[in-house]
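Visitor: Quick one, what's the 3D model for this:
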Amino acid sequence: MTTAGRERFRAGEIDTPLSLWYSRRVRDRTQSFLRRLREDTARGLLLLRQSGSVLADRAVLEANVLKERYRLSGLDRRIEESYRLLGEKVFDRLQRGEEKLLSDEEASLFFQQIDQALKEREKLAADIEALKKTASEKSDKGL
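Guide: Reported below is the predicted structural model:
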């Protein structure tokens, strides 16, 4: 230590070499802790963003599944209604004692409606299964 340095030390302007070493060590540990804290926080936020994105996608897919199920229940009601109307017409004519229960045109129309609704139902059921599979795959990948 130079003479000027000794005088500054005696005046209390500078610390001892030991206290300088200790303060550097504390500073380094503090900076290391803060750096780790910042990195861990950044990783946590990234994970939170990714998980949130996956959950939002999954929620949209589940909402689509519910919409399709609602449409499917509507088709089921349409099919039931068609069968009910067909049964009522046949029963009414049977009670009246008519020989021909349904004309060819009426039977053809009823069965076309029922076949069309059944095909739509099969397609919707396949779409629902595809949506469920997609939702399952996305949630398995993301989380």
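Visitor: and the most centrally placed residue in the chain, what element?
Guide: Nearest residue to the geometric centre of the chain (C-alpha atoms, centre = their mean): Arg58, 1.0 Å. Assessed by DSSP states H and E, Arg58 sits inside helix 17-96.
Visitor: ditto for Lys100
Guide: Assessed by DSSP H and E, Lys100 sits outside every helix and strand.
Visitor: Point out where this structure drops to low pLDDT.
Guide: 1-23, 139, 141-143 (pLDDT under 70).
Visitor: returning to that earlier point: doesn't Lys138 make contact with the residue nearest to the centre of the chain?
Guide: Yes. Using C-beta atoms under 8 Å, Arg58 is in contact with Lys138, at 6.2 Å. Quick note: C-beta positions are derived from backbone N, CA and C, even for glycine.
Visitor: May I see the buried residues of stretch 85-93?
Guide: Of the residues in stretch 85-93, 86, 89-90 count as buried by neighbour count, 16 or more other C-beta atoms under 10 Å.
Visitor: how near is Glu88 to Ser82?
Guide: Separation of Glu88 from Ser82 (C-beta to C-beta, to the nearest Å): 11 Å.
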